[in-house]
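Chemist: I would like the atomic coordinates for the input below:
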Amino acid sequence: MPPPVLNTPPPFNGDERVVHLEGEAYFEVAKNHSKPFIVKLKNQQITVLGTSFNIQAFNDDRFSVTTLLSGSILLESFWTLKDGKVSSMKLKPNQQARSDNRTGSIFLSETDASISNAWVGGKYRFKDETLVSIVKRLENYYGVNIRLAHDSLRNIRYTGTFSLDQGIQEVLDIINSEKQYTFMKDGKDILISARSK
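Modeler: Got it, this is the predicted structure:
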């Protein structure tokens, strides 16, 4: 998996602790009421006093996903709208916010937050997740390009776990445990098709 891109001023100067993130990162932030911790994404900002949370924020993804494990955070989504509105939302533990990078909308849901940061311990866990979402994560982890041959494959849902030290072929075999797909590989490009019946 490529490391996240974190830009931080050395060492945090001024009244705030600010980092800029592109990628996925897990944070455990010490409380400091006089110096809030702020994570800036492409179109969002997360303000923290003391908490642990996971962020997926790849610049080419439509959604940024923030999952709160403990504490509380304020998520603000900035978008250049004619009326200048900003969406904001406070998260509680075991809540996940999906921020739409195109519209600025934030969608909040309940979740098992431990799934979101399993990658820190070398595992990738997914629970009732769409194939298109899983494929996006695999592309980011393995540096490959995966295309689904049919739109009907996008919303098939999976629950499972794999180790991040497994190769991409092993992971595809796990997803294909019922032998319903075929894979065509050409270098770093992978095409997933439904198997003919």
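
Chemist: got a pLDDT number for the residue nearest the centre of the chain?
Modeler: Closest residue to the average C-alpha location of the chain: residue 56 at 2.7 Å, with Cα atoms, centre = their mean. With respect to pLDDT, residue 56 scores 88.

Chemist: Over to residue 109?
Modeler: So, for residue 109, pLDDT stands at 90.

Chemist: average model confidence for stretch 17-28?
Modeler: For stretch 17-28, mean pLDDT rounds to 88.

Chemist: Please apply the same query to stretch 143-155.
Modeler: Mean pLDDT, stretch 143-155: 90.

Chemist: End to end on it, go ahead and measure it.
Modeler: Distance between the two ends of stretch 143-155: 22 Å, counting by Cα to Cα, to the nearest Å.

Chemist: Give me the buried stretch members for it, please.
Modeler: Neighbour counts over stretch 143-155 (16 or more other Cβ atoms under 10 Å) mark 144, 146, 148, 153 as buried. C-beta here means a position set from N, CA and C on the backbone, and glycine is covered the same way.

Chemist: show me the contacts for the last one.
Modeler: Remark: with contacts taken as Cβ atoms under 8 Å, 6 or more residues apart in numbering, residue 153 is in contact with 131-132, 181, 192, 194.

Chemist: How much space separates it from residue 60?
Modeler: 20 Å (Cβ to Cβ, to the nearest Å).

Chemist: got it, and the third one?
Modeler: Counting by Cβ to Cβ, the gap from residue 148 to residue 60 is 17 Å.

Chemist: Check the second one too.
Modeler: Here the distance between residue 146 and residue 60 works out to 14 Å (Cβ to Cβ).

Chemist: which residues do the two both contact?
Modeler: Shared contacts of residue 146 and residue 60 (Cβ under 8 Å, 6+ apart): none.
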